[in-house]
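Q: The sequence isn't on hand, but the structure is:
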């Protein structure tokens, strides 16, 4: 991961992110497919006042109409595809509301921690999949003014989902 990406991840404020402008790009090997709800944005607040503590999950949806920017076209390899995902309108509004609640909370000088994360929870495979190429990358864009930055690199698709016993689930075929 580049120094610029590490700086971006360390310095962004989850309260200043515009939820409707967040874009997640997942680069996968040919044969792996990312669908709606495979990727989740988690917004977590642990406050001194339990009334303000919460963990909300927002599942992002594939946006096939989003035009792939040149910066991602350059990263796309011959043997990979990039899926673009965004929050639906309702989830973006709900996340904005959560941010506003926390901002009000912070105005009262009450302390706590705020985290935002992006996780790829699952994927499926089709007949083009080869186990020789099994790594994916996640790029994140936090607002319309910024470029994408590397959020996660070289994630093994075989290690996305765990079952109740803690073992990794096999990748299922796409239906």
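A: Right, received. Where do you want to start? This is a predicted model, so every value here is computed, not measured.
Q: helix/strand/coil for the spatially most central residue of the chain?
A: Closest to where the C-alpha atoms of the chain average out (C-alpha atoms, centre = their mean) is residue 118, at 3.3 Å. At residue 118 the chain is in strand, as set by DSSP: H, G, I helix; E, B strand; the rest coil.
Q: can you pull out the strands in the chain?
A: Using DSSP state E, the strands of the chain run over 23-29, 32-33, 39-47, 54-62, 80-86, 112-120, 124-125, 135-141, 149-156, 172-173.
Q: hmm, who's touching the fifth one?
A: In other words, strand 80-86. With contacts defined as C-beta atoms under 8 Å, 6 or more residues apart in numbering, strand 80-86 is touched by 22-30, 32-34, 39, 60-64, 66, 68, 72, 75-76, 133. Glycine gets a C-beta too; all of them are placed from N, C-alpha and C.
Q: repeat that for 7 Å
A: 22-30, 34, 39, 60-63, 66, 68, 72, 76 (C-beta atoms under 7 Å, 6 or more residues apart in numbering).
Q: how about this protein, which residue sits the furthest from its center?
A: Largest centroid distance in the chain under C-alpha atoms, centre = their mean is residue 108 at 30.5 Å.
Q: hang on, the residue nearest to the centre of the chain packs against residue 24?
A: Yes: contact between residue 118 and residue 24 holds when scored by C-beta atoms under 7 Å: they sit 5.9 Å apart.
Q: list the residues that contact both of these two?
A: 39, 138, 140.
Q: any idea how far the last one is from residue 75?
A: With distances taken as C-beta to C-beta, to the nearest Å, residue 140 is found 13 Å from residue 75.
Q: and which of the shared contacts of residue 118 and residue 24 is nearest residue 158?
A: Nearest to residue 158 among the shared contacts of residue 118 and residue 24 is residue 138, at 16.1 Å by C-beta to C-beta.
Q: show me what contacts the closest one?
A: Contacts of residue 138 by C-beta under 7 Å, 6+ apart are 24, 26, 118, 120, 151, 152.
Q: can you put those in CSV and add distance to residue 168?
A: Putting those into CSV (distance: C-beta to C-beta, whole Å) gives the following:
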residue, distance to residue 168
24, 22
26, 18
118, 20
120, 13
151, 21
152, 17
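Q: now these in a markdown table, with distance to residue 83 and pLDDT?
A: Compiled in a markdown table, these are given as follows (distance: C-beta to C-beta, whole Å; pLDDT from 0 to 100):
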| residue | distance to residue 83 | pLDDT |
| --- | --- | --- |
| 24 | 9 | 98 |
| 26 | 5 | 97 |
| 118 | 13 | 93 |
| 120 | 10 | 94 |
| 151 | 14 | 92 |
| 152 | 14 | 91 |
